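Peer 1: sequence plus the predicted model coming up.
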Amino acid sequence: MTSQSPRDINASRDIESPVIAKPSETASNIANAQNAKKLFIKTYGCQMNVYDSERMADVLAPIGYMAVDTPDDADLVVLNTCHIREKAAEKVYSELGRVRKMKETKESEGRGEMTVAVAGCVAQAEGEEIMRRAPVVDMVLGPQTYHKLPEMIARVARKQGNVLETEFDTLEKFDELPTTRDPKGFAAFLTIQEGCDKFCTFCVVPYTRGAEVSRPVAQIVAEARDLAKKGVREITLIGQNVNAYMADAPDGSGEEWGLGDLIKHVAKIGGIERLRFTTSHPRDMDDDLIETIGNEPKLMPYLHLPIQAGSDKVLRDMNRGHTYEHYKNLIAKIRAARPDIALSGDFIVGFPGETDLDFEQTMKCVEEIGYGSSFSFKYSIRPGTPGASMPRQVPEEVKSERLKRLQDLLYTQQRNFNHSLIGRTLDILVEGIGRDGGQLFGRSPYLQGTHFDGSDDLIGQVVPVTITGAGRNSLTGDLA
Ligand code: SAH
Ligand code: SF4
Ligand code: F3S
């Protein structure tokens, strides 16, 4: 399940695929196509950024911006960036080089000005450096400031110099963003929680996204209802640590709701047929959530629960706050509650101090747990995180060897899991037409892209498909 579709919840870990935001209906009303200003958004990073890009387009629609799918002719180019690994962060500067050339060509040919904005986690982490290294950039905006975009654009237009906004006020952002959306298909992300208080020693997220903040239930329900009304059938509740979700019960009882309560509530919304949530942390996996995983039929039997490493010593140095034993017991409980569940995980090899023996513990963990899909990375030093200054950094070639061995095992498991589905009939949410004529494309409960023959009027429906073929990333089948 490592396709590059932007709505694939985890493939986006390292996506290069642009997410093209579409104009909302409001925009089409306000700005007719000829007068509309053109907006191009390119998205890097995780599902949070995918969601944010869509919301930026929603904020810009009422002031006349319509999305286009190439940057050359755009009036506003937004790069929504990711800082998670060095490679991801460096991409921004090469992309800005290309954008600068396009801007120069556009302006020299008299096709109007191009405003350039850098948003997302690189913007938050190194905003001033971006301004210094890339003078082409007019605006730098951190992930908690998107609601201020129209005002920032006005400031740039008034030639008040470059604009840098990196304040943290997550709740203000959510209060200001419209609760109506313009979904792009039948499956949508919905942010319920942002930020992270865990401070794993390898990770930049607590610094780029700020503290854990949960959105109020009423706001989430309003957004989910709006999505359902517009044809969305599947919602993935997203956040850096969704299972840390905690908010006041909407009935004014003074009770606190966790993720389990929220899922059961959102599942009652008419039209919503499937729910997912990601990403979870093993420390916040409580019994109520496990019970919900076991009993809520709309929740898909697929759980992303990263462990990162199998050695307790490495887990401790990473500040993960749990042992391998804790994780293994959790998985046993979850499997007892929902026997058809498939697991996905994240792994890091070559964290400082990781010995051959430690790495073997990660291999043993994967063998014992068994994953249906996974995301695995070489440790990347991130400036400002505790891991960066730890002694005993692991040489690059050792990291590469370990990653290869780990991925051989993980990919074999993924292939075997997909093969085990042959002969079974799975519910597929049909998202569109497939590559070949007459073919449809959809997603299985386990998120694999699935191709089968069928007519266009099934698009947007959940249909039973008997699986006849399986590769590492996708399935094929016949309508049952
Ligand atoms: N909140 C999620 C993870 C968000 S980051 C969680 O705790 O599971 C997504 C993944 O990127 C992480 O799970 C980790 O595997 C990887 N990652 C984060 N920082 C990294 C780094 N410095 N080097 C390599 N991989 C990293
Ligand atoms: Fe990063 Fe750890 Fe927070 Fe996940 S839990 S976002 S890995 S600090
Ligand atoms: Fe990247 Fe920020 Fe997401 S660093 S992984 S875009 S939270």
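Peer 2: That came through fine. From a predicted model like this one, the values you see are computed outputs, not experimental measurements. Ligands and ions are numbered 1, 2, ... in the order given.
Peer 1: smallest gap between the stretch 351-480 of the chain and ligand 3, at which residue?
Peer 2: Using C-beta to the nearest ligand atom, the single residue of the stretch 351-480 of the chain nearest to ligand 3 is residue 382, 9.3 Å away. C-beta: built from backbone N, CA, C; applies to glycine.
Peer 1: the domain parsing of the chain - what is it?
Peer 2: 18-167, 174-420, 425-479 (automatic domain parsing).
Peer 1: who are the contact partners of the residue of the stretch 351-480 of the chain closest to ligand 3?
Peer 2: Counting by C-beta atoms under 8 Å, 6 or more residues apart in numbering, residue 382 makes contact with 83-86, 202-204, 388.
Peer 1: please flag which of these sit within helices.
Peer 2: The members of those that map onto helices under DSSP state H are residue 86.
Peer 1: show me which of the contacts of residue 382 neighbour ligand 1.
Peer 2: 84-85, 202-203 (C-beta under 6 Å from any ligand atom).
Peer 1: ok, and the most crowded of the residues you listed?
Peer 2: residue 202 (24 neighbours; other C-beta atoms under 10 Å).
Peer 1: residues near the nearest residue to that one once chain neighbours are set aside, how many?
Peer 2: Closest residue to residue 202 apart from its sequence neighbours, by C-beta to C-beta, 6 or more residues apart in numbering: residue 387 at 4.4 Å. Residues lying near residue 387 (other C-beta under 10 Å) number 22.
Peer 1: from residue 379, how far off is residue 387?
Peer 2: From residue 387 across to residue 379, the span is 7 Å (C-beta to C-beta, to the nearest Å).
Peer 1: who touches both of the two?
Peer 2: With C-beta under 8 Å, 6+ apart as the test, residue 387 and residue 379 both reach 202, 351-352.
Peer 1: quick check, nearest of these to residue 399?
Peer 2: For these, the closest approach to residue 399 (C-beta to C-beta) belongs to residue 351, at 9.4 Å.
Peer 1: ok so the closest one is a strand residue?
Peer 2: No: secondary structure of residue 351 (DSSP: H, G, I helix; E, B strand; the rest coil): coil, not part of a strand.
Peer 1: pLDDT score for it?
Peer 2: Residue 351 is assigned 98 on the pLDDT scale.
Peer 1: that one against residue 388, yeah?
Peer 2: No: with contact defined as C-beta atoms under 8 Å, residue 351 does not count as touching residue 388 (11.6 Å).
Peer 1: the residue of the stretch 351-480 of the chain closest to ligand 3: what secondary structure?
Peer 2: coil.
Peer 1: so which bits of this protein are right by ligand 1?
Peer 2: Going by C-beta under 6 Å from any ligand atom, the residues of the chain near ligand 1 are 13, 84-85, 202-203, 205, 240-241, 279, 281, 306, 308, 346, 348, 377, 379-380, 382.
Peer 1: related to what we said a few turns ago, ok, of the ones next to ligand 1 among the contacts of residue 382, which one's closest to residue 424?
Peer 2: Looking across the ones next to ligand 1 among the contacts of residue 382 and measuring by C-beta to C-beta, the closest to residue 424 is residue 84, at 35.0 Å.
Peer 1: give the full set of residues in contact with that closest one.
Peer 2: 13, 45-46, 121, 203-205, 380, 382.
Peer 1: residue 66 bridge partners, please.
Peer 2: residue 38 (DSSP bridges).
Peer 1: nearest residue to the residue of the stretch 251-400 of the chain found nearest ligand 2 other than its sequence neighbours?
Peer 2: Across the stretch 251-400 of the chain, the shortest distance to ligand 2 (C-beta to the nearest ligand atom) belongs to residue 281, at 5.2 Å. Using C-beta to C-beta, 6+ apart and skipping residues adjacent in sequence, the residue nearest residue 281 is residue 241, 4.8 Å away.
Peer 1: separation between that neighbour and residue 159?
Peer 2: Residue 241 is 41 Å from residue 159, by C-beta to C-beta.
Peer 1: do residue 94 as well
Peer 2: Residue 94 is 28 Å from residue 159, by C-beta to C-beta.
Peer 1: please say which of those two ends up with more neighbours.
Peer 2: Set side by side, residue 94 and residue 159 show more neighbours around residue 94, with 9 against 6, by other C-beta under 10 Å.
Peer 1: and the more buried one, that one's in a helix?
Peer 2: Yes: under three-state DSSP, residue 94 sits within a helix.
Peer 1: and the helices in this structure?
Peer 2: Taking DSSP H as the criterion, the chain carries its helices at 25-30, 47-60, 86-108, 120-133, 149-157, 170-176, 205-209, 217-229, 259-266, 287-295, 312-317, 324-337, 356-369, 396-420.
Peer 1: which one of these lies closest to ligand 3?
Peer 2: The nearest among these, by C-beta to the nearest ligand atom, is helix 120-133 at 3.3 Å.
Peer 1: what sits up against the closest one?
Peer 2: Contacts for helix 120-133 (C-beta under 8 Å, 6+ apart): 44-45, 49, 52, 79-84, 89, 92-93, 96, 118, 137, 140-143, 162, 164, 166, 204-205, 207-209, 384.
Peer 1: which of these count as buried?
Peer 2: With burial judged by 16 or more other C-beta atoms under 10 Å, the buried subset of the contacts of helix 120-133 is 44-45, 49, 52, 79-84, 89, 92, 96, 118, 137, 140-143, 164, 166, 204-205, 207-209.
Peer 1: hmm, back to that, so which of the contacts of residue 382 comes closest to residue 364?
Peer 2: Closest to residue 364, out of all of these and judged by C-beta to C-beta, is residue 202, at 21.1 Å.
Peer 1: could you check the pLDDT of the closest one?
Peer 2: pLDDT, residue 202: 98.
Peer 1: show me the contacts for it.
Peer 2: 318, 348, 351, 379-380, 382, 385, 387.
Peer 1: before we move on, the earlier item: can you redo the helices of the chain as JSON lines with distance to ligand 3 and mean pLDDT?
Peer 2: As requested, the helices of the chain are arranged in JSON lines below (distance: least, C-beta to the nearest ligand atom, whole Å; pLDDT from 0 to 100):
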{"stretch": "helix 25-30", "distance to ligand 3": "25", "mean pLDDT": "43"}
{"stretch": "helix 47-60", "distance to ligand 3": "4", "mean pLDDT": "94"}
{"stretch": "helix 86-108", "distance to ligand 3": "6", "mean pLDDT": "93"}
{"stretch": "helix 120-133", "distance to ligand 3": "3", "mean pLDDT": "94"}
{"stretch": "helix 149-157", "distance to ligand 3": "18", "mean pLDDT": "89"}
{"stretch": "helix 170-176", "distance to ligand 3": "13", "mean pLDDT": "81"}
{"stretch": "helix 205-209", "distance to ligand 3": "5", "mean pLDDT": "95"}
{"stretch": "helix 217-229", "distance to ligand 3": "19", "mean pLDDT": "95"}
{"stretch": "helix 259-266", "distance to ligand 3": "19", "mean pLDDT": "97"}
{"stretch": "helix 287-295", "distance to ligand 3": "22", "mean pLDDT": "97"}
{"stretch": "helix 312-317", "distance to ligand 3": "20", "mean pLDDT": "98"}
{"stretch": "helix 324-337", "distance to ligand 3": "21", "mean pLDDT": "98"}
{"stretch": "helix 356-369", "distance to ligand 3": "21", "mean pLDDT": "98"}
{"stretch": "helix 396-420", "distance to ligand 3": "18", "mean pLDDT": "98"}
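Peer 1: since that was my last question, I'll sign off now.
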